[in-house]
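Q: I need the structure of the sequence given here:
(one chain, ligands or ions: 1)
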Amino acid sequence: MAELYSDQLKIPKTDHTLWRLRCSALGSERWEYITAEAAKSDQQSPYEKHLLESPGFLGPKPLSKGKQNTEELSAFDAALQGARYFSLLQDPDSGIFPCQYKGPMFLTIGYVGVLYCAGIAVPEPVRIELVRFLVNSAHPVDGGWGLHEVDKSTAFGTAINYTLLRLLGLPASHTVCQRARRTLHRLGGAIGVPHWGKCWLSILSLYKWEGVNPAPPELWLLPYALPIHPGRWWVHTRAVYQALGYLSAIKYSCTLTPLLTEIRAELYRQDFETIDFSKHRNTVCNVDLYYPHTRFLNAANTALTFYERYLRPNWLLKYSTAKTYELIKKEIQNTDYLCIAPVSMAFCALVALIEEGRDSYQFQRFVDGFNEVLFMGPKGITVMGTNGAQTWDCAFAIQYYFIAGLAERPEFKSTIENAYKFLCRSQFDTECAPGSFRDKRIGGWPFSTKTQGYTVSDCTAEALKAIIMVKNSSAYSHIKYEISDKRLENSIDVLLSLQNVDAFEYGSFATYEKIRATTAMEKLNPAEVFGNIMVEFPYVECTDSSILGLTYYTKYYSYRKQEIQKAIEIAIKYIKRAQRPDGSWYGSWGICFTYAGMFALEAFSTVGESYSNSEYVRKACGFLVSKQRPDGGWSESMKSSELHSYVEDNHSLVVQTSWALIGLLLAEFPEKTVIKKGVDFLKQRQKANGKWDFEAPEGVFNHSCAIEYASYRFLFPIKALGLYAMKYEK
Ligand SMILES: CC(C)=CCC[C@@H](C)[C@H]1CC[C@@]2(C)C3=C(CC[C@]12C)[C@@]1(C)CC[C@H](O)C(C)(C)[C@@H]1CC3
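A: Residues are numbered from 1 along each chain as shown. Next up, the predicted model:
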């Protein structure tokens, strides 16, 4: 690793040999900093060393002589070596593959902000590593931060992370702070931070609530029949605005401390006291703006601001905040204090602090729970996008080892068995509290852990498929009954219940729920920096995975067969409708057209549509092939996700290349030379011990925020190489 900026600047660092990751049977991941004494009898495991990039971890014994793998190595051996490396990254007790699920730069403020409001100090090793992470993720040219780690500097990223560094003890005179402040001021100062930034700054007494657009909790009192009812919003937006509704209604601001007074003076281009915040509800730095307000939203905000200031009766305010708190308590109950993701978790923790007090059981559970979303890495510690990617990674690992012909080799038996048992443990077996606006979840699977509590359509389908693979393998007959057929039926019930078959986007699947209100609701998106957040949308990837799960299930079981067949049929029709004239699909959760292309081609392959018999498949292959680069690789930029059209990047990437190859291989694309070139590229990029290095964030959300899926650079090459080996090397 190149010398880190924090080391150049001699920023304090903890002793990385003293960090230990504790994983629970249900997949929680908590880093602990132990004493040197304790470390003597508690060695760092291989995966801990890998995660911290400690020098002591060599990985499996190389197959080839040089440092890199070469073309001489067979694709199968490259997959095998990759799997050997990846298997070492599993925590054998829980079965998960822990990794730092990082990228978004607006999450850590939640953790530090809440503790600051409560007057609780951040534990010292964590504080040191939080500072390091922020220093190391500052923009190399201007010293600011963006919405995500590889973003240009924005007012949001810079104001929030500058504030964080100051709260964590870095003095204003420090080079890092000086550079960041210069950038912030060049961007117009903190006055132009978007809505969520304005909320955080107001909570920390660094901005004024009168300059924040309303998020009235009264919306919860409207009849559910109205499309605008928050119970119909996308689960994340619902959760964030539920707690924000409470906080903004009571205009919560923490006590102004001398440090905050200093920060007030640093964040703005003018004197804090002279700013008329009420005039800046709609001031957003141009660099930050991804989704500008519609006129409709502006009109609504003006009306609501007037209502809040002059018309809102006190009793209604009290009543609606009480109602919101009831709903928050249900969210807490359904997720055991994790809440759906760290953004809303932090806001809910604040509500608990206000309602129950600092020493209350409820608030202390939150303080403890934050340890599950903080994750340590070589550059420092940070709050992750979710509490991990446990279920998703396990489901892929099992499937791809099978697809590559590796799963039944004795050396991988424990990998598969442990991951399988984790999936079996992670299926939902309880329902949410009544009145939570949540669907039936028994039978579903989450993206991360059972504790987090939210079913995701594609996670359910991928986990189901992985489990069936193990159940039907003679090598694993001894654990076949770890999960009953009845439980698989439950998952089919959940999956079928998630398909959009009523009013919206017939045949498609969204993420966590069916689409509950028209996508025109997006016109009210107040977040400024994200797209498609108001309601559920139809997603090709979620639809594709659901098709995979359903088709695979029908191969072995006859439960609800006809309904499943019908569901697959209309889902395929949806995918066909969603294809663009150039043969591509816009992917929402990976970057971008390459990711979606792979999923779509896999879905088609499971219903027998391939290059030779389907015009859709031929067009999709044509699109992918047209993007191959001279070195055999593919390289799609995050800009594709933002701009909704294919943008090529400068360097070919392992994960992108694997996605394209998987698509082409499953489509039975006939030209071997095209595919072989890509396969050779994957081999060249592999280290002799089987490792592929991190290259670029693989994922994205809400069109604008990049996020890293650290397991992808193993999982997808293993699958691509394995598929190639099956076809051409047998
Ligand atoms: C705008 C807000 C609230 C930001 C907080 C971040 C969350 C919204 C993001 C972080 C991780 C994230 C991208 C995720 C997803 C939704 C949005 C998440 C939770 C899902 C579950 C959607 C469906 C996808 O196919 C897939 C399973 C890959 C992802 C996983 C991560």
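
Q: and the pLDDT at Ser64?
A: Listed pLDDT for Ser64 reads 67.

Q: make that Lys67, sorry
A: 58.

Q: the ligand contacts on this protein?
A: 236, 240, 341, 343, 385-386, 392, 447, 456, 458-459, 511, 530, 533, 541-542, 589, 701-702, 707 (Cβ under 6 Å from any ligand atom). Backbone N, C-alpha and C define where each C-beta goes, glycine included.

Q: which ones among the residues you listed map onto helices?
A: Secondary structure from DSSP state H places His236, Val240, Val343, Trp392, Asp458, Cys459, Glu541, Cys542 of the residues of the chain next to the ligand in helices.

Q: for the nearest residue to the third one once chain neighbours are set aside, give me its contacts.
A: With Cβ to Cβ, 6 or more residues apart in numbering as the measure, Val240 is the residue that lies nearest to Val343, at 5.4 Å, once sequence neighbours are left out. Taking Cβ atoms under 8 Å, 6 or more residues apart in numbering as the contact definition, Val240 lies against Trp196, Val343, Ser344, Phe347.

Q: now Glu636: phi and psi?
A: Here is the backbone geometry of Glu636 (degrees, to the nearest 10): phi -100, psi 140.

Q: in the longest helix anywhere in the chain, what counts as buried?
A: The residue-count maximum for a helix in the chain (DSSP H) belongs to helix 314-335. Buried residues in helix 314-335, defined by neighbour count with 16 or more other Cβ atoms under 10 Å: 317, 320-321, 323-325, 327-332, 334-335.

Q: how about stretch 285-299?
A: For stretch 285-299, using 16+ other Cβ under 10 Å, the buried residues are Cys285, Val287, Asp288, Tyr290, Tyr291, His293, Leu297.

Q: is it true that the second one touches Lys152?
A: Yes: under the criterion of Cβ atoms under 8 Å, Val287 is in contact with Lys152, at a separation of 6.7 Å.

Q: number of nearby residues for the closest residue to Ile354 other than its chain neighbours?
A: With sequence-adjacent residues excluded and distances taken as Cβ to Cβ, 6+ apart, Ile354 is closest to Tyr252, at 6.2 Å. Counted with other Cβ atoms under 10 Å, residues neighbouring Tyr252 total 18.

Q: so Tyr252: helix, strand or coil?
A: coil (DSSP: H, G, I helix; E, B strand; the rest coil).

Q: report the contact partners of it.
A: By Cβ under 8 Å, 6+ apart, the contact list for Tyr252 reads Ile203, Leu350, Ile354.

Q: mind redoing it with 10 Å?
A: Residues near Tyr252 by Cβ atoms under 10 Å, 6 or more residues apart in numbering: Cys117, Cys199, Ser202, Ile203, Ser205, Trp209, Tyr246, Leu350, Val351, Leu353, Ile354.

Q: just give me the closest of the residues you listed to Leu643.
A: Each of those was checked against Leu643 using Cβ to Cβ; the closest is Cys199, at 28.0 Å.

Q: thinking the closest one is in contact with Leu244, fair?
A: Yes: at 5.8 Å, Cys199 counts as touching Leu244 under the criterion of Cβ atoms under 10 Å.

Q: kindly point out which residues are neighbours of both of the two.
A: Common neighbours of Cys199 and Leu244 (Cβ under 10 Å, 6+ apart) are Val212, Ala215, Phe347.

Q: please name the nearest non-neighbouring residue to the first one.
A: Excluding its sequence neighbours, the residue lying closest to Val212 (Cβ to Cβ, 6+ apart) is Lys198, at 4.6 Å.

Q: shouldn't that neighbour be in contact with His280?
A: Yes: because the distance of 8.2 Å satisfies Cβ under 10 Å, Lys198 is recorded as touching His280.

Q: of these two, who's got more company?
A: Legend: neighbour count by other Cβ under 10 Å for Lys198 and His280, higher for Lys198 (29 against 19).
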